[in-house]
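Asks: attaching a predicted model along with its sequence, questions to come.
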Amino acid sequence: MKNKLMRAARPFVFLALIFTWVSFKNIGNDGNVIPKELVGEWQYGSASMTEIWDKPTNTFLGNSFELSVGFHFKADGTYEEYFVAGSRLIGSCRINIFNVSYGVLQYDAATKRITTIPNRVKNKFYNCGSLSQSEKTTELKSNTYELKPAVVANGTKVLEIKNGPGPATIFYKK
């Protein structure tokens, strides 16, 4: 009798586990639900139209300035934030900055704001041939962003991200 009861209860236990997993699937580390429309990789980038060429060899060396910012908001309530900047002043001398932050998200549904709380940041700085690297896990600052999903003229879904006064920056989903 006991074995029959156990066999009959198995499907219900299995379904209960599935419903529990599905209900917690998009909950961040603080219990806030991260909206599905925000989950994913979002990117912004720009480059200067000024080109640097090596005249003696007629070789293209790159744009004078490049900038890229990216966010990867994950369904489990964690994130990665990328910042890359590059500048070429003269000849083959190039300066690059690479920063990657890892941490947890807090989402406030009422204000449509997300706060990134980093627990680790990696930095690389390349200056005309010399490289310096660092990694920090303490004294890291959180940032709060206003988020607004939108659609641009061609129908592409974008995310307007604003950090402080001024206009929002438009990020495209990767």
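Replies: Ah, there it is. Numbers count the residues shown, from 1 in each chain.
Asks: tell me, how many residues neighbour Thr156?
Replies: Thr156: 11 surrounding residues under other Cβ atoms under 10 Å. In this view, the C-beta of every residue, glycine as well, is placed from N, C-alpha and C.
Asks: hmm, it is touching Ala150, no?
Replies: No: counting by Cβ atoms under 8 Å, Thr156 does not reach Ala150; the two are 9.5 Å apart.
Asks: quickly list what Glu81 is bridged to.
Replies: Here Glu81 shows beta-bridge partners Phe71, Ser101, assigned using DSSP bridges.
Asks: so Tyr126 sits against Arg88, correct?
Replies: No: contact criterion Cβ under 8 Å: Tyr126 and Arg88 do not qualify, at 11.7 Å.
Asks: what stretches of this structure score poorly on pLDDT?
Replies: Where the chain drops to pLDDT under 70, the residues are 1-32, 90-92.
Asks: for the residue nearest to the spatial centre of it, give me its contacts.
Replies: Closest to where the C-alpha atoms of the chain average out (Cα atoms, centre = their mean) is Phe71, at 1.3 Å. Shown in contact with Phe71 (Cβ atoms under 8 Å, 6 or more residues apart in numbering): Glu41, Trp42, Tyr79, Glu80, Glu81, Tyr82, Ile161, Phe171.
Asks: the third one: which element?
Replies: According to DSSP states H and E, Tyr79 maps onto strand 78-88.
Asks: name the helices or strands packed onto that strand?
Replies: On a contact count with 3 or more Cβ pairs under 8 Å, 6 or more residues apart in numbering; DSSP states H and E, strand 78-88 meets strand 59-63, strand 65-73, strand 94-108, strand 113-127.
Asks: using CSV, write out the CA atom coordinates for that strand.
Replies: The C-alpha coordinates for strand 78-88 follow below in CSV (Å, rounded to 0.1, in the frame of the first residue of the first chain):
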residue,chain,number,x,y,z
THR,A,78,23.7,39.1,-11.9
TYR,A,79,25.3,41.4,-14.5
GLU,A,80,28.5,42.1,-16.4
GLU,A,81,29.3,45.7,-17.5
TYR,A,82,32.0,46.4,-20.2
PHE,A,83,33.7,49.7,-21.0
VAL,A,84,36.2,49.9,-23.8
ALA,A,85,37.8,53.2,-25.0
GLY,A,86,40.6,53.6,-27.5
SER,A,87,42.5,56.6,-28.8
ARG,A,88,45.2,57.0,-31.4
